[in-house]
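A.B. asks: model the following, please.
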Amino acid sequence: MTLTIWISLFLVSLLGAMSPGPSLATVAKHTLSGKRINGIAAAWAHSIGIGFYAFITVIGLVVVLQQSPVLFKGISYLGAAYLAYLGLGALRSTGGIAAKLESGQQVTIVESAKEGLLISLINPKIALFFLALFSQFVAVGNEPLDKAIIVITPIVVDGLWYTIISCLLSASRIVDKLRSKAKWIDRLSGVVLILLAMRVVFYS
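C.D. replies: Next up, the predicted model:
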């Protein structure tokens with residue numbers, strides 16, 4: 001793999017990570033309702049899910065998934081149901097930032113990591129992203145080292161991007177202001193997650 005191709009891979013991975021959506025909402029929730037380490041745990045668990053999709057793209061399974069409409073729709077609807085579940089919970093302030101802060105309940109690192117992983121694995125948008133944009137890199141990466149680079153690059157980029165987000169949100173000058181608006185952040189997150197769920201159902 002040439003440096004030019006790797007830079008293209010890096011930029012595509014970065015743009016995918018920077019795209020706002022449920023992943024950002026999840027990392028933000030765990031950073032604000034827990035500690036910085038919770039956000040970082042969610043970030044790197046999320047990146048493992050990204051790595052899974054990169055891996056199945058490399059071995060060609062994502063194409064099989066796309067060519068099986070029933071299976072793909074089933075996974076899409078499962079993902080939409082989970083997004084809607086998270087969205088309704090945020091709107092009701094059950095399990096959201098405000099509820100965690102008011103109860104004084106400490107969010108565990110395992111809980112943060114589990115949700116970070118799940119939000120990436122059941123998001124059909126990520127599967128489509130890899131199918132549409134990563135196929136071009138698979139075509140030019142026939143060597144084992146090339147395939148490893150194609151898998152590792154999005155993992156590292158995604159993990160580092162959301163780690164930066166977590167560190168910014170947990171800065172002492174910012175975190176207290178955001179936590180004071182916890183209920184409004186929960187409601188906004190809830191609306192966004194429900195809209196994303198509806199988009200998956202109607203456009204999948």
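A.B. asks: give me the element the residue nearest the centre of the chain is part of.
C.D. replies: Closest residue to the average C-alpha location of the chain: Ser23 at 3.3 Å, with C-alpha atoms, centre = their mean. Secondary structure assignment for Ser23, by DSSP states H and E: helix 22-33.
A.B. asks: chain center to that helix, what's the gap?
C.D. replies: Here the centre of helix 22-33 is set off from its chain's centre by 10 Å, with C-alpha atoms, centre = their mean, to the nearest Å.
A.B. asks: could I get whatever helix or strand comes next after that helix in CSV with only the CA atoms?
C.D. replies: Remark: after helix 22-33, the chain's next helix or strand is helix 36-58, criterion DSSP H and E. In CSV, the C-alpha atoms belonging to helix 36-58 read as follows (Å, rounded to 0.1, in the frame of the first residue of the first chain):
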residue,chain,number,x,y,z
ARG,A,36,-13.1,10.8,31.7
ILE,A,37,-12.1,7.2,31.8
ASN,A,38,-15.7,6.2,31.2
GLY,A,39,-15.8,8.2,28.0
ILE,A,40,-12.4,6.7,26.9
ALA,A,41,-13.7,3.2,27.6
ALA,A,42,-16.7,3.8,25.5
ALA,A,43,-14.5,5.3,22.8
TRP,A,44,-12.2,2.4,22.4
ALA,A,45,-14.9,-0.2,22.8
HIS,A,46,-16.7,1.6,20.0
SER,A,47,-13.5,1.4,17.9
ILE,A,48,-13.5,-2.4,18.3
GLY,A,49,-16.9,-2.4,16.7
ILE,A,50,-15.5,-0.3,13.9
GLY,A,51,-12.7,-2.8,13.6
PHE,A,52,-15.2,-5.6,13.3
TYR,A,53,-16.8,-4.0,10.3
ALA,A,54,-13.4,-3.2,8.7
PHE,A,55,-12.5,-6.9,9.1
ILE,A,56,-15.6,-8.3,7.5
THR,A,57,-15.2,-5.8,4.7
VAL,A,58,-11.7,-7.1,4.1
